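K.L.:
pasted the sequence and its predicted model underneath.
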Amino acid sequence: MLIESTTIPGLLLLKPERRIDPRGYFTETFRADQFQAMVGPFAFVQENQSFSRKAGTVRGLHFQLAPRAQGKLVTCIAGSLLDVAVDLRKGSPAFGRSVAVVLSEENGHQLWMPPGFAHGFCTLKDRTSISYKVTDYYSPDHDRGLQWNDPALAIEWPVAAGNAILSDRDQRHPNLSDLHSNFVFSP
């Protein structure tokens with residue numbers, strides 16, 4: 001598996017190797033021993049899937065506050081999406097900055113974000129599905145969000161605000177300037 005650092009410390013792009021033959025391909029998408037050697041002693045306790053019917057669907061930006069913060073390993077299993085992670089760790093040199101990568105069924109790439117990041121995505125194709133492993137269980141009391149199109153984040157989304165398909169909840173999240181974050185950066 002090829003691992004690439006991003007412009008934000010701790011945020012990694014994983015590129016699993018695919019063995020291709022006339023039938024299709026085989027890829028090893030996760031091995032706990034290799035993953036922990038690369039990123040540290042994280043263990044996944046829950047796996048989630050999300051399906052979006054239409055291109056232009058935006059989900060996020062979501063996170064859970066500490067002590068129930070979640071690290072996430074995100075994979076697109078059908079279709080294509082722009083996956084976004086925003087650094088919310090106080091004291092981080094990248095606080096408020098984001099990384100956006102295209103994850104698709106075709107490229108098989110994965111994005112690892114440790115606890116302390118908000119996560120969201122925009123589907124680029126109809127009928128897009130993602131799967132993501134998380135390091136803590138869902139906790140409604142710790143569940144929070146960040147406004148997906150906050151100008152301070154300067155995220156280049158592939159859909160205009162008026163055309164984005166959003167949940168009511170995702171339309172009401174605060175901007176970064178109004179956000180309470182209890183994450184702390186540790187180098």
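P.N.:
Here it is on my side, so go on.
K.L.:
separation between the residue nearest to the spatial centre of the chain and residue 20?
P.N.:
Closest residue to the average C-alpha location of the chain: residue 119 at 4.2 Å, with C-alpha atoms, centre = their mean. Distance of residue 119 to residue 20, computed by C-beta to C-beta, to the nearest Å: 30 Å. Using the backbone N, CA and C atoms, a C-beta is placed for each residue, glycine as well.
K.L.:
which residue ranges of the protein form strands?
P.N.:
2-5, 12-15, 18-21, 24-27, 46-52, 58-64, 72-78, 80-87, 98-104, 110-113, 117-123, 128-134, 143-145 (DSSP state E).
K.L.:
just checking, what packs against the second one?
P.N.:
Identification of packing neighbours for strand 12-15 by 3 or more C-beta pairs under 8 Å, 6 or more residues apart in numbering; DSSP states H and E yields strand 2-5, strand 110-113.
K.L.:
would you mind giving the ones you listed as CSV with mean neighbour count, distance to residue 150 and mean pLDDT added?
P.N.:
Output for the helices and strands packed on strand 12-15, formatted as CSV (neighbours: other C-beta atoms under 10 Å; distance: least, C-beta to C-beta, whole Å; pLDDT from 0 to 100):
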stretch, mean neighbour count, distance to residue 150, mean pLDDT
strand 2-5, 11, 25, 89
strand 110-113, 24, 18, 97
